[in-house]
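S.K.: Just the structure for this:
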Amino acid sequence: CVFLDIPCLILCICVFVTVWRAFKLYEALRADAVDDVWAFRRHSVVQFFSLLRDVLFLVPFTIIAGTLFRLPLLMLSLLSKCRTPRTKPEDVVQLTIEDATLEFPDKGQPCIHITSASKSAEFA
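M.R.: Model prediction:
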């Protein structure tokens, strides 16, 4: 029916002009049968409304990004804290190893197998 094909064609052209979801529409149209007109209509309407949804979600995204302008600085400081080794004496965990074996395999690196160890009372 022409009354359905023309609006769907206009929606399809809008999606292809914006390029944002054009590849998804192109792949969906290629995957279905060539003679399936309803698949063309369905894919063009779904991708157009998905494009509108993406545009509408740009507004909250910009608000969140604007309020979190210090987020990269916070993330970098957290990463640097996680990557620095502990250097304070109170941060060092004291374990007393009671029984351990040292293994030197033919291939690979040596391994230490700790079978029993005890920790100090203040490390709970």
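S.K.: Sketch out the low-pLDDT regions of the protein for me.
M.R.: 33-34, 85-93, 120-124 (pLDDT under 70).
S.K.: can you pull out the helices in it?
M.R.: 2-18, 22-31, 37-56, 58-67, 71-83 (DSSP state H).
S.K.: Can you add mean neighbour count and distance to residue 108 and give the ones you listed back as JSON lines?
M.R.: For glycine as for every other residue, the C-beta is placed from the backbone atoms N, C-alpha and C. What follows is these, written out as JSON lines (neighbours: other Cβ atoms under 10 Å; distance: least, Cβ to Cβ, whole Å):
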{"stretch": "helix 2-18", "mean neighbour count": "14", "distance to residue 108": "55"}
{"stretch": "helix 22-31", "mean neighbour count": "14", "distance to residue 108": "46"}
{"stretch": "helix 37-56", "mean neighbour count": "16", "distance to residue 108": "50"}
{"stretch": "helix 58-67", "mean neighbour count": "9", "distance to residue 108": "48"}
{"stretch": "helix 71-83", "mean neighbour count": "9", "distance to residue 108": "27"}
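S.K.: Between these, which one is closest to residue 96.
M.R.: helix 71-83 (27.8 Å; Cβ to Cβ).
S.K.: That closest one versus helix 58-67: what angle between them?
M.R.: 60 degrees (axes from the mean of the first three to the mean of the last three Cα atoms, to 10 degrees).
S.K.: dump the residue contacts of the residue of the chain most remote from its centre.
M.R.: No residue in the chain sits farther from the centre than residue 98, which is 43.9 Å out by Cα atoms, centre = their mean. By Cβ atoms under 8 Å, 6 or more residues apart in numbering, the contact set of residue 98 is 116, 117, 118.
S.K.: Correct me if wrong: residue 4 contacts residue 41.
M.R.: Yes. Residue 4 is within contact range of residue 41, at 6.0 Å (criterion: Cβ atoms under 8 Å).
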